Each structure stands twice: as C-alpha cells, then as structure tokens.
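Student: structure for the following, please:
(4 chains)
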4 protein chains.
Amino acid sequence: MPTEHTITLRVRYPEVDAMGFLHHSRFFQYFEMGRVELLRSHGVSYADLERQGILFVVVRVECRYKAPARYDEELTLLTRVVKQTHVRIDHTYELRRGSTLLAEGSTTIACVDREGNLRQIPDFSSSAPQ
Amino acid sequence: MPTEHTITLRVRYPEVDAMGFLHHSRFFQYFEMGRVELLRSHGVSYADLERQGILFVVVRVECRYKAPARYDEELTLLTRVVKQTHVRIDHTYELRRGSTLLAEGSTTIACVDREGNLRQIPDFSSSAPQ
Amino acid sequence: MPTEHTITLRVRYPEVDAMGFLHHSRFFQYFEMGRVELLRSHGVSYADLERQGILFVVVRVECRYKAPARYDEELTLLTRVVKQTHVRIDHTYELRRGSTLLAEGSTTIACVDREGNLRQIPDFSSSAPQ
Amino acid sequence: MPTEHTITLRVRYPEVDAMGFLHHSRFFQYFEMGRVELLRSHGVSYADLERQGILFVVVRVECRYKAPARYDEELTLLTRVVKQTHVRIDHTYELRRGSTLLAEGSTTIACVDREGNLRQIPDFSSSAPQ
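Tutor: Numbering: from 1, shown residues only, chains lettered A, B, ... in the order given. Below you'll find the predicted structure:
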C-alpha cells in the first residue's frame, strides 16, 4: 500500500522570475501536482472527486528552500503521506535536481463538501489514501 | 455614455520572466482587468454577473508588442469598446509607460450561460455596455 | 528536416479559472512550451541559447478559442514553423483534446541580443530552425 | 521608525482556481508585494536594489489559511518585520477581508549578491529596514 510517489517535471519559462529562479510561490503548485499524481497512482482522479463534491482545501503549508531551480531544468518531486485522520492529510515533499535537494515542504489538506464544511475522507477502495 | 476607461497598474515580481520583462501572456491578464474595471466604472460588477449565470468567454485575442515592461514599473491601460452585437463585444487596448506605447491588443468576448450557450448581453441599465 | 512537433501536456489546477476552464492567457504559455520542445527536438536548448545571449522576444500573438479545456485534461499541441526570415520566425499552433480542436494560434518571434537589438538567427547546424 | 505597513489589493480573475478561491500559492505573491511596499514606504525601491546587485532570496515560508478569498474581493495585507540579523529578515503577514482574518503567514528572506553568496543587508539610511 504505497503512500509515496515520485514525479518528474520541467521548469517552464514563465515560472522563473527576474533572477532566473523558479519563484518560491511556484513550489506549492508543484507540490499540488505531486498530491494529484500520488492520488492518480492509486487509480483516483482528483477531477472526478471534485465533480462528486469531495474537495480538498489547503489549511497549512510550509517550505524550506535550499538551492534555486532554473528554467528548463528537469526536477524530481517525492510526495509522501505522513499522517492521516478522518478529515485531514499531512504530506511532505522533497524537490531535487539529480541528487541535490532544492526544497523540503509540508502541507495539511482538509476534506470539505461544496459548502466548505468538513467531511470524512472517502475510503479510496482498497487503495492507499491520497 | 463612456465606452472607454483607463486604469493604472504596477508590474509584479512573479509576472516578469528570466529576461526581466513582463511575460507576453500576462498582457491578456491586464486586458481582462481593464474590461472588468471598465464595467465597474458603469456600476456593474463582473463577479455579480457570474453569480447570476451571465458569463463572458474570450473567443479571440491579438496583441502586438512594441517595447518591454519591467518589474515595478507603473503602467496605464486604456480599454475601449469598439464594437458590440447582441452577443459579442470587441475591445481594444493600449498599454503605456508614460507616453511610450508598450503594446496594442484586441479581443472579442461572447456572452454565454452556465451551459456555455450564447445568450444576449443584458442591458446594463442606462449605463454603457462592458 | 522537420519543422513541426507535437507535445502532450496536462492542464494544472492553478491554470484553470473560476469557470473551471483553462484561462485564455495560459494558451500562450503552452505555445511557448511548444516552441521550446520543437527546438529541443532539433537538439537545441533554448536555455543554452539565452546563456549565449541569443534571445527570442515575442512581437505578435493571436489566438482563436473554439472549445474550453478543463483541469486535468490531457491535451496535444502541434507547433509548426510557417515562415522564417533572417531575424523572425512565424509559428502556428493547434491545441486539441483527442480530435477536438480547442484553439488555433499564431505568433511572430524575433531574435535579439542582450541589449534588445535585432540579430540574425543562428544556423542551428544541419537541423531545422526553431 | 515604522516596521509595518498595510496595503490594499483586489483578487484578480486568473488568481482564483476552479473552486473560485484564491489559490493557496498566490498568497505568497501577495506577501512579496507586502514586503516590496513596506520597503517603498521607507523610500527604497527593490527594483533599484536588484540593479545594484543587492538581492533578497526566500529561504523559508509558512502560511495558515483560515477562510477563502474570492475573485474581485478587496483585501488588506499587514506586513511586519519581526526579527532582523545582519543577513536575514523575518516578516509576518495578516491577510484580511474587512475584519475577517483569511490567512497568517511568515517568511525568512536572506540578502545575497549576484553570485548567491550571503551579504550584509545595507543600512537603508535612517529609515527602517525592509
């Protein structure tokens, strides 16, 4: 029952700033892609969940930046589930270029319905949680 | 019955690219702000329209770039309605830094309902159209 | 000597707007990725060109939107060189979901040095131009 | 010697996601604007600093989200300097809609030269530091 997943991505031109570095805000967009692909690796589509009214909102994020990422570099992102309750999931993230650690992050997401009320995270069948 | 409007805006850090220039895709985000503020100058909130199921989708855009815009520069954007039918509006845009013309653009937007079907543009009371 | 190239990409969550559609400004970011990958398919890295002081700036863009793209959809983008002079290249783009055409675009880019002066496009060895 | 500053900003259309909420990654772009305007309130332009080779890189960020922000809402952001060493500054942020707290954040930025080496933060004359 894997609760981690690695994706590869390439830094796009409009994602870097005037210093030529991936903007610090963009790392959280990559982390979100990591969560979505971890879920997909379990056969679950986040787009489908949304259509069913099962939404995840981000309640806390944190990131420590170790080294810059530049345009067109190919990076790997490891996403891990480190804690899960009935309504919340904690993930951690490691973004690397080759073996160089660029950033470490963590987030807490909560499951809500369309009205924004907390709701129980569905059992993703026999598969591991997001 | 004014059908043009000027706004002032400042280029944000993550909007410029590695060359230090406002990314060419961002100009269309500024043009959209110009349309929204032109509408607001007539007492109409686009956010309210959306809540009523009156949506505008972009069907065509065009832009010619004359000179770059850089981080933190203060720019003015002139937005004009140049043509309107029952379901479509054509706008033009001039983005300037002082008297220097940076870009000229044009767009066509169409009025649709939530299902994406064309619908008649509402009469914005006695005020001019978007 | 191929002068066209197709890439596959997936719509990311923060790229869609409140209507759930890929924002019209983002299409130009995809077109840019198409140009970069067309170049890479000829063994040329745009990041390397920039480091050598060979820059491409966008001088004109145009796009016609036919149908919306939504979060998480997998799209294909066909990028073509349709005209080239000593200093300018015209590209066209077709963005599709399966066989459905979502948008058709065209751009003109110009080759400049670090000071922004027009310069001749280098001969990309025996390979086709960007 | 004020070390806090409040700005007002309006949520732009392409900044909200498919849920209609300001995307969680965007808050850090607002926080950056808060830092830049705090600095400007002391008569210092960050764009000028960059031209002089005095850069600030983000080494740590954190944010807790309390309530969503929606398209076109007018928000206020309070930015505070809470700690400063020779090379680092810690800021905190409070983003509100009226009296409702939407998010609380904190960041650490470090002063570097063009090569990315730590350098001493310049004395911003008699004014307070960024």
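
Student: get me the contact residues on chain A for chain B.
Tutor: With Cβ under 8 Å from any Cβ of the partner chain as the criterion, chain A meets chain B at residues A:13, A:14, A:16, A:17, A:18, A:20, A:23, A:25, A:26, A:71. Every residue, glycine included, has its C-beta placed from N, CA and C.

Student: pretty sure the fifth one is touching residue D:51, no?
Tutor: So that's residue A:18. No: using Cβ atoms under 8 Å, residue A:18 is not in contact with residue D:51; the gap is 10.6 Å.

Student: tell me which of the two has more neighbours.
Tutor: residue A:18 (21 against 9; other Cβ atoms under 10 Å in any protein chain shown).

Student: check which residues of the helix or strand bottoming out on mean pLDDT in chain A are buried.
Tutor: Within chain A, judged by mean pLDDT, DSSP states H and E, the helix or strand with the poorest mean is helix A:46-51; its value is a mean of 90. Buried residues in helix A:46-51, defined by neighbour count with 16 or more other Cβ atoms under 10 Å in any protein chain shown: A:46, A:47, A:49, A:50.

Student: switch the residues you listed over to a markdown table; also include distance to residue C:102.
Tutor: Listed next are the buried residues of helix A:46-51 as a markdown table, based on distance: Cβ to Cβ, whole Å:
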| residue | distance to residue C:102 |
| --- | --- |
| A:46 | 21 |
| A:47 | 17 |
| A:49 | 24 |
| A:50 | 20 |
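
Student: go through chain A and flag its longest strand.
Tutor: strand A:100-112 (DSSP state E).

Student: list the helices and strands that strand packs on?
Tutor: In terms of contacts (3 or more Cβ pairs under 8 Å, 6 or more residues apart in numbering or on different chains; DSSP states H and E), strand A:100-112 is packed against helix A:27-40, strand A:55-65, strand A:88-97.

Student: among those, which is nearest residue B:95?
Tutor: helix A:27-40 (26.7 Å; Cβ to Cβ).

Student: show me what the closest one is packed up against.
Tutor: strand A:4-10, helix A:46-51, strand A:55-65, strand A:74-84, strand A:88-97, strand A:100-112.

Student: weakest of the ones you listed in terms of mean pLDDT?
Tutor: Here the lowest mean pLDDT among those goes to helix A:46-51, at a mean of 90.

Student: what does the least confident helix or strand of chain A contact?
Tutor: A:35-36, A:39-40, A:55-56, A:122, A:130, C:13, C:70-72, D:18-19 (Cβ atoms under 8 Å, 6 or more residues apart in numbering or on different chains).

Student: could you redo the last one with a cut-off of 6 Å?
Tutor: A:36, A:39, C:71, C:72 (Cβ atoms under 6 Å, 6 or more residues apart in numbering or on different chains).

Student: so which of these wins on neighbours?
Tutor: Ranking these using other Cβ under 10 Å puts residue A:36 first, with 24 neighbours.

Student: list the contacts of that residue.
Tutor: residue A:46.

Student: let's see it at 10 Å
Tutor: Counting by Cβ atoms under 10 Å, 6 or more residues apart in numbering or on different chains, residue A:36 touches A:5, A:7, A:44-47, A:56, A:79, A:130, C:10, C:12-13, C:71-72.

Student: follow-up on the earlier one: of the buried residues of helix A:46-51, just say which sits nearest to residue B:66.
Tutor: Among the buried residues of helix A:46-51, and counting by Cβ to Cβ, the member closest to residue B:66 is residue A:47, at 40.1 Å.

Student: got a list of what the residue nearest to residue A:113 when sequence neighbours are not counted touches?
Tutor: Nearest residue to residue A:113, sequence neighbours excluded (Cβ to Cβ, 6 or more residues apart in numbering or on different chains): residue A:119, at 4.8 Å. If you count contacts by Cβ under 10 Å, 6+ apart, residue A:119 has them with A:53, A:54, A:55, A:86, A:87, A:110, A:111, A:112, A:113.

Student: burial of the fourth one, as a residue count?
Tutor: If you count neighbours by other Cβ under 10 Å, residue A:86 ends up with 9.

Student: what distance do you get for it to residue D:66?
Tutor: Residue A:86 is 21 Å from residue D:66, where distance means Cβ to Cβ, to the nearest Å.

Student: the second one too?
Tutor: Between residue A:54 and residue D:66 the distance, using Cβ to Cβ, works out to 22 Å.

Student: what bridges to the residue nearest to residue A:8 when sequence neighbours are not counted?
Tutor: The spatial neighbour of residue A:8 that comes closest, neighbours along the chain excluded (Cβ to Cβ, 6+ apart), is residue A:76 at 5.4 Å. Here residue A:76 sits in beta bridges with residue A:8, residue A:96, going by DSSP bridges.

Student: now do the one 5 residues further on
Tutor: Using DSSP bridges, the beta-bridge partners of residue A:81 come out as residue A:91.
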